[in-house]
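Trainee: With the input below, show me the fold.
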Amino acid sequence: MIKLKTAFTMRNLNKLIIASLGFIFLLTGCVKPDIIERNDETGVANIWVEIPGLKERFNGYFNDIGDTAYIDLTYFYPAESDNEVDLSNLILRTNISVDAIISPALGMPMDLSQPLPLIITAGNGQTRQVIVVVRKLGDLSVKSISVTLDDNGNPQTVSGIQNGDEIIFFVLPGIDLSDAKLNVTVSRHSQTSIANGTSIDLNNPVSLTVTGIDGRTHTYTLRAMEPQKLDYGLGIYKMLFNLSNAQLAGFTTTDNNRAMAVSGDYFVLSISTTPSVYKVYNRFTGEYVKDLTPPPGGIRSFAIANDSKGRILVSSWAPKNAAFVIYVYENVDDDNPQLLVNWINNNPTGISGDGGVGRRLNIYGDLAGDAVITATAGQSNIFYRWRVENGSLVSSTPEAVPYNSIINNIWAFYVEAQPISTAANGDYFINYPSEIALVSGATNTRVAAFNNDASVVGLNHNATDYIEFNNAKYLLSGTFTSGTTRMVIDIFDISDQSKYSLTPASSEFTKFKVFRSPQEITAASNGNGAGDVVGVVSEDGEIMHVYLLLTNGGVMAYEFTIYSPQ
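Mentor: Here you go, the predicted structure:
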């Protein structure tokens, strides 16, 4: 009986399944399929060219109508080489809608010496023509300019400050302007209408024309003015240079350029090979000068820094139980660096066996007087602090300082603890992806923090420096604007803690975030998310230079003055 009942049940179940499936098929056969609307978009999001074999991209821009795209290249690449760019062998790339097609096909070397028509066909068949015009242009910029004046028998050299098409020489009253000796530097492929050493009369404006190798010209007006100094903050500024990895001799694209220091007329990049080498460049032009003499025996340096007088600190990378050392160079010509710190990293903290020290190094003060040096430990909430008093290191064994207000228990690998005081328990800034915060050195707890919205601090951040200029206190930040491959300089006026939480919606925000560089550095990749930013002030206190390093990308520099742009 059981078998008959089971067989009967299974037959009825099979009939029910077949009937149900048939009903489902009947229903689905009556449903109309979804119709996918084809896109009518024929726009071009961006357009650029690459030189075969190089990763740098040269971005284009559209005319007002938007049907002609211009892409301007340097006449030579690198700019000061004799390697003329070949327009007949370039790679053109662009971004279009997902269901659009473009003709001719791009992405392979092609001849762009003549205007190239591109046909973009949208998904719905609508078409648009865009003309691409690629030009190689001579360099019409003024790299540096100064005049030598007679001040009652004493020669005085005054540097020019560029403000658009004007170059201004700020001269005190009573100095003779009628016999100013001109010293100007332009690209070696360009010419000036006034030769170096020529006397000019700056009692009236003087025109200086730069002619590029392509025949184009640009005219600057040289003008002497009495200084109109700002009582506070940043005045006229300009970009000194923005040099890609290919334009910096010895620069690497293998995650090895992670830190920089500035000393005298030079900046220094460490290359974190084993052992490290240290590349020295002219800090006004980016021209490679030489290699720094390495420390005795050689070390691997992820981090280097400089004190307020331009002494260079190079430190070793130290996993747990390894030696962490810091050597000090008086300047780039010092062939006998002195050992300052020699300590075994006994950090008990750190996730996944990290807790390593030496990825970042920060300093505030003068090593010949008073200074504080900090080095953070990865995958922890600990940094180490050394103090220098009256030119002597207090102890080679550092203070282990926990940041008690840390978000999410630990920071990752790249975080900076930037001291802003030489006091024993002086305050400091912490900068890691979760926050930029002012911290009490007495309690190691947060005092105030920036709003961490991307509109304020970017998509990511860690590179940090602190500098005082023209009666203001500034925090410099290397800010990522796209993943870890695009970086800009952000400058925050941190003099007033009440402004730290402001957002762009506030009318006071521009008094807090006082500068973001119009230019950025780009890199093809930057797996470590590393970079560095350094600020220095001239001896007379009238000029500040800020340098930004993007790992695998290059170096960019800006100059700021205390002179009013009005």
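
Trainee: In terms of helices and strands, where is the closest residue to residue 286 other than its chain neighbours?
Mentor: Of all residues beyond its chain neighbours, the one nearest residue 286 is residue 243 (4.4 Å), with distances taken as C-beta to C-beta, 6 or more residues apart in numbering. C-betas here are computed from N, CA, C, even on glycine. Using DSSP states H and E, residue 243 sits in strand 237-244.

Trainee: Which neighbouring elements make contact with that strand?
Mentor: Under the contact definition 3 or more C-beta pairs under 8 Å, 6 or more residues apart in numbering; DSSP states H and E, strand 237-244 sits against strand 161-163, strand 521-522, strand 554-561.

Trainee: Please enumerate the strands of the stretch 351-500 of the chain.
Mentor: Assigned by DSSP state E, counting those that start in this stretch, the strands in the stretch 351-500 of the chain fall at 357-365, 371-377, 382-389, 392-393, 399-402, 416-419, 428-432, 435-439, 446-449, 460-469, 472-482, 486-493.

Trainee: how much does the next helix or strand after the strand holding residue 243 deviate in direction from strand 460-469?
Mentor: Following the chain from strand 237-244 toward its C-terminal end, the next helix or strand by DSSP H and E is strand 257-263. With axes from the mean of the first three to the mean of the last three C-alpha atoms, to 10 degrees as the basis, strand 257-263 and strand 460-469 are set at 0 degrees to each other.

Trainee: Grab the CA positions of strand 257-263 and hand them over as PDB.
Mentor: Once side chains and other backbone atoms are set aside, the C-alpha atoms of strand 257-263 remain, and they are given as PDB (Å, rounded to 0.1, in the frame of the first residue of the first chain):
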ATOM      1  CA  ASN A 257      60.900  58.000  -4.300                       C
ATOM      2  CA  ARG A 258      59.000  58.700  -1.200                       C
ATOM      3  CA  ALA A 259      60.500  61.600   0.600                       C
ATOM      4  CA  MET A 260      62.400  64.800   0.000                       C
ATOM      5  CA  ALA A 261      64.400  67.500   1.900                       C
ATOM      6  CA  VAL A 262      65.400  71.100   1.000                       C
ATOM      7  CA  SER A 263      68.800  72.500   1.800                       C
END
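
Trainee: I'd like the next helix or strand past it.
Mentor: Next element after strand 257-263 (DSSP H and E): strand 266-271.

Trainee: Can you give me every residue that contacts residue 420?
Mentor: The contact partners of residue 420, by C-beta atoms under 8 Å, 6 or more residues apart in numbering, come to 364, 426, 427, 428, 429, 466, 473.

Trainee: residues making contact with stretch 427-436?
Mentor: If you take C-beta under 8 Å, 6+ apart as the criterion, stretch 427-436 is touched by 374, 403, 406-408, 411-412, 414-421, 437-441, 446-447, 449-450, 452, 457, 460-464, 466, 475, 477, 494.

Trainee: Please compute how far that stretch lies from its chain's middle.
Mentor: Relative to its parent chain, stretch 427-436 has a centroid offset of 18 Å by C-alpha atoms, centre = their mean, to the nearest Å.

Trainee: swap in stretch 503-515?
Mentor: From the chain centre to the centre of stretch 503-515 is a distance of 21 Å (C-alpha atoms, centre = their mean).

Trainee: what's the answer for stretch 548-562, then?
Mentor: Using C-alpha atoms, centre = their mean, we find the averaged C-alpha position of stretch 548-562 to lie 6 Å away from the chain's own average C-alpha position.

Trainee: Could you list the domains of the chain?
Mentor: The record assigns the chain these domain ranges, following automatic domain parsing: 46-137, 142-225, 237-561.

Trainee: can you list these in JSON lines and add distance to residue 231 and mean pLDDT?
Mentor: Formatted as JSON lines, the domains of the chain follow (distance: least, C-beta to C-beta, whole Å; pLDDT from 0 to 100):
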{"stretch": "domain 46-137", "distance to residue 231": "39", "mean pLDDT": "90"}
{"stretch": "domain 142-225", "distance to residue 231": "16", "mean pLDDT": "93"}
{"stretch": "domain 237-561", "distance to residue 231": "7", "mean pLDDT": "94"}
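
Trainee: Please identify the deepest-packed of the ones you listed.
Mentor: Here the criterion is mean neighbour count by mean count of other C-beta atoms under 10 Å, and of these the winner is domain 237-561, at a mean of 19.

Trainee: quick one: the strand holding residue 243 to strand 554-561, angle?
Mentor: Per the same axes, to 10 degrees, the angle that strand 237-244 makes with strand 554-561 is 170 degrees.

Trainee: Please name the residues that touch the closest residue to residue 237 other than its chain neighbours.
Mentor: Nearest non-adjacent residue to residue 237, counting by C-beta to C-beta, 6+ apart: residue 560, 4.5 Å away. With C-beta under 8 Å, 6+ apart as the criterion, the residues that contact residue 560 are 234, 235, 236, 237, 469, 515, 543, 544, 545, 546.

Trainee: For residue 560, name its beta-bridge partners.
Mentor: Under DSSP bridges, the beta-bridge partners of residue 560 are residue 237, residue 544.

Trainee: How about residue 168?
Mentor: When assigned by DSSP bridges, residue 168 has beta-bridge partners residue 161, residue 223.

Trainee: ok, it to residue 204 distance?
Mentor: Shown here: residue 168 relative to residue 204, a distance of 14 Å by C-beta to C-beta, to the nearest Å.

Trainee: same check, this time on residue 290
Mentor: Using C-beta to C-beta, residue 290 is found at 43 Å from residue 204.

Trainee: What of residue 272?
Mentor: Here residue 272 is placed at a distance of 54 Å from residue 204 (C-beta to C-beta).

Trainee: again with residue 127
Mentor: Going from residue 127 to residue 204 by C-beta to C-beta gives 57 Å.

Trainee: Likewise for residue 186?
Mentor: Where residue 204 is concerned, residue 186 sits at a distance of 23 Å (C-beta to C-beta).

Trainee: how far off strand 486-493 does the strand holding residue 243 point, in degrees?
Mentor: Between the axes of strand 237-244 and strand 486-493, defined by the same axes, to 10 degrees, the angle is 150 degrees.

Trainee: Could you pull up the residues touching residue 175?
Mentor: If you count contacts by C-beta under 8 Å, 6+ apart, then residue 175 has 149, 150, 151, 156 around it.

Trainee: Verify the contact between the first one and residue 178 for me.
Mentor: No. Taking contacts as C-beta atoms under 8 Å, residue 149 lies outside contact range of residue 178: 9.5 Å.

Trainee: got the contact list for residue 543?
Mentor: Contacts for residue 543 were tallied using C-beta under 8 Å, 6+ apart; they are 537, 559, 560, 561, 562.

Trainee: what residues are up against the second one?
Mentor: Residues near residue 559 by C-beta under 8 Å, 6+ apart: 237, 238, 239, 240, 543, 544, 545.
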